[in-house]
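Visitor: Could you look at this predicted model? Sequence included:
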Amino acid sequence: MKDAVSAALRERVRSRAYGVCEYCLIHQRQAWYSHQIDHIISRKHGGRTTFDNLALACGICNNAKGSDLGSLTRRQAVLIRFYHPRNDRWAEHFRLNDDGVIDPITEIGEVTCRIFGFNARERLLERRALLRAGDFPSIEALALMRE
């Protein structure tokens, strides 16, 4: 495949993300399936297979995002881009509440949170169980939140 992600590039992306989904912050060791390499700007839209255009994503976030670049806000039906792990800071767009809810604090956060299903029932139950066990957010996720 012409734009396949090499094993070396895949490992660099995983290492940069500390093994954490760069969208919802779930660590690879907490996920049912292996995290995937996401083209932030999909190849369909001209995104390239380069280190700066790749992110580590859990299967749920990656499948929900697909090749989309953004979505319409609920309030004004304005097209807003998704959170971009290379250009944005997580803490500027989202807040993790004590009960495991990821609250959006910007329009970028709102469309990303809604389309990616951050607070879908099963995902929220999973985060709450991890919180009770003292395993969420992981040390690695906390580092990503602060970057």
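Guide: Right, received. Where do you want to start? Numbers count the residues shown, from 1 in each chain.
Visitor: longest single helix anywhere in the protein?
Guide: When the chain is parsed with DSSP state H, its longest helix is helix 121-132.
Visitor: what residues does that helix touch?
Guide: 24, 26, 30, 60, 98-101, 117, 136 (CB atoms under 8 Å, 6 or more residues apart in numbering). For the C-beta atoms, the positions are set from N, CA and C on the backbone; glycine is no exception.
Visitor: Would you mind checking which of those is nearest to Gln36?
Guide: Ile60 (10.1 Å; CB to CB).
Visitor: What is the worst-scoring helix or strand of the chain on mean pLDDT packed up against?
Guide: Sorting the helices and strands of the chain by mean pLDDT, DSSP states H and E puts helix 139-146 at the bottom, at a mean of 93. Helix 139-146 makes packing contacts with helix 90-93 when contacts are defined by 3 or more CB pairs under 8 Å, 6 or more residues apart in numbering; DSSP states H and E.
Visitor: Helix or strand next in line after the helix it packs on, which one?
Guide: Where DSSP states H and E defines the elements, the next helix or strand beyond helix 90-93 is strand 94-96.
Visitor: what's the nearest residue to the most centrally placed residue in the chain if we skip its chain neighbours?
Guide: In the chain, the centroid-proximal residue (CA atoms, centre = their mean) is Tyr23; its distance is 1.4 Å. Nearest non-adjacent residue to Tyr23, counting by CB to CB, 6 or more residues apart in numbering: Cys61, 4.2 Å away.
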